[in-house]
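Q: fold the stuff below for me.
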Amino acid sequence: MEKMPSVYEYADYYATYVKLVPQGELVQILGEQMKETVTMLSSLSEEQSKFRYAPGKWSIKEVIGHITDTERIMSFRLLSIARGESALLPGYDENQYVEEAEFDKQSLNELLDHFACVRQSTIHLLKSLSQEMLARRGTANQTEVTARALSTIIAGHELHHRKIIQERYLKA
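A: Purely as a prediction, here's the structure:
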C-alpha cells in the first residue's frame with residue numbers, strides 16, 4: 001500500500017500519527033520500523049527499561065506494552081472494517097490497559113518479542129488485503145475510519161512513541 005489516506009478517512013486526532021509516516025510501501029515501512037525499534041531498545045538493561053522520566057509517567061516497558069496493545073486493537077479494527085463489519089467497534093482506555101497489564105513484571109526481551117510478533121501479524125494481514133478492502137469504512141471509537149487509515153495510524157503511533165522514548169527517556 002503506497003497511497004496515504006486522505007484527511008477524510010480518519011478523525012482529526014489521528015492526524016498527528018498519520019503525518020509522521022513517510023511516503024512509501026507501508027508493509028516495508030512497518031517491517032523497517034519494527035527492526036529499528038527492537039534494535040533501539042534491545043540493548044537496554046532491565047533496570048533501564050523500568051525508567052520513568054517523571055512521576056506518574058509510564059516506564060519504557062509500559063510504553064512498549066502500550067504500543068503492542070494498541071497495534072493489536074488497531075489491527076482488529078483494520079481486519080473488521082476490511083471484512084465489511086458494520087457493528088460499532090469500541091474504544092479502550094489506554095491507561096487502564098497499561099495498569100492492568102503489569103508490563104514492568106515482564107522481561108524487556110519478552111515485551112520486544114511480543115511487539116515483533118504482533119507487528120509481523122499486522123504485516124501479514126496487510127499483505128492479504130486488496131485496495132478495495134483497504135478503502136472500506138467502518139466506525140471505531142465512535143468515529144468513522146477506513147482500513148487504510150488504520151494501517152497508517154498503526155505505523156504513526158509507533159513512530160510517535162519511539163520519538164518520545166528517544167527524547168524523554170534515552171536522553172535523560
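
Q: CA atoms for contacts and neighbours, from now on please.
A: OK.

Q: so where do the strands sit in this protein?
A: 137-140, 143-146 (DSSP state E).

Q: for the first one, which helices and strands make contact with it?
A: Counting contacts by 3 or more CA pairs under 8 Å, 6 or more residues apart in numbering; DSSP states H and E, the secondary-structure elements packed against strand 137-140 are helix 60-82, strand 143-146.

Q: swap the cut-off to 6 Å and go again
A: strand 143-146 (3 or more CA pairs under 6 Å, 6 or more residues apart in numbering; DSSP states H and E).

Q: then the last one?
A: With contacts defined as 3+ CA pairs under 6 Å, 6+ apart, the secondary structure elements packing on strand 143-146 are strand 137-140.

Q: roughly how far does the closest residue in space to L88 that isn't next to it in sequence sit from E36?
A: Leaving aside its chain neighbours, L88 sits nearest to T139 (5.3 Å; criterion: CA to CA, 6 or more residues apart in numbering). According to CA to CA, to the nearest Å, T139 stands 32 Å off from E36.

Q: okay, these two: which has more neighbours?
A: Per other CA atoms under 10 Å, whichever of T139 and E36 has more neighbours is T139, with 19 against 12.

Q: give me the pLDDT for the more buried one.
A: At T139, the model reports a pLDDT of 97.

Q: in this model A87 seems to touch it, though I could be wrong.
A: No: in this structure T139 lies outside contact range of A87 using CA atoms under 6 Å: 7.5 Å.

Q: got any ranges where this protein has weak pLDDT?
A: 1 (pLDDT under 70).

Q: can you pull out the helices in it?
A: 15-18, 26-42, 46-49, 60-82, 94-101, 108-127, 131-134, 147-164 (DSSP state H).

Q: circling back to that earlier point, pick the most buried one from the strands of the chain.
A: strand 137-140 (a mean of 22; mean count of other CA atoms under 10 Å).

Q: how far does that strand sit from the chain's center?
A: Relative to the centre of its chain, strand 137-140 is centred 18 Å away, using CA atoms, centre = their mean, to the nearest Å.

Q: convert the C-alpha atoms of it to PDB, please.
A: Below are the C-alpha coordinates for strand 137-140, written out as PDB (Å, rounded to 0.1, in the frame of the first residue of the first chain):
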ATOM      1  CA  ARG A 137     -15.200   2.400   6.000                       C
ATOM      2  CA  GLY A 138     -16.300   1.500   9.500                       C
ATOM      3  CA  THR A 139     -16.900   3.000  12.900                       C
ATOM      4  CA  ALA A 140     -14.400   2.600  15.700                       C
END
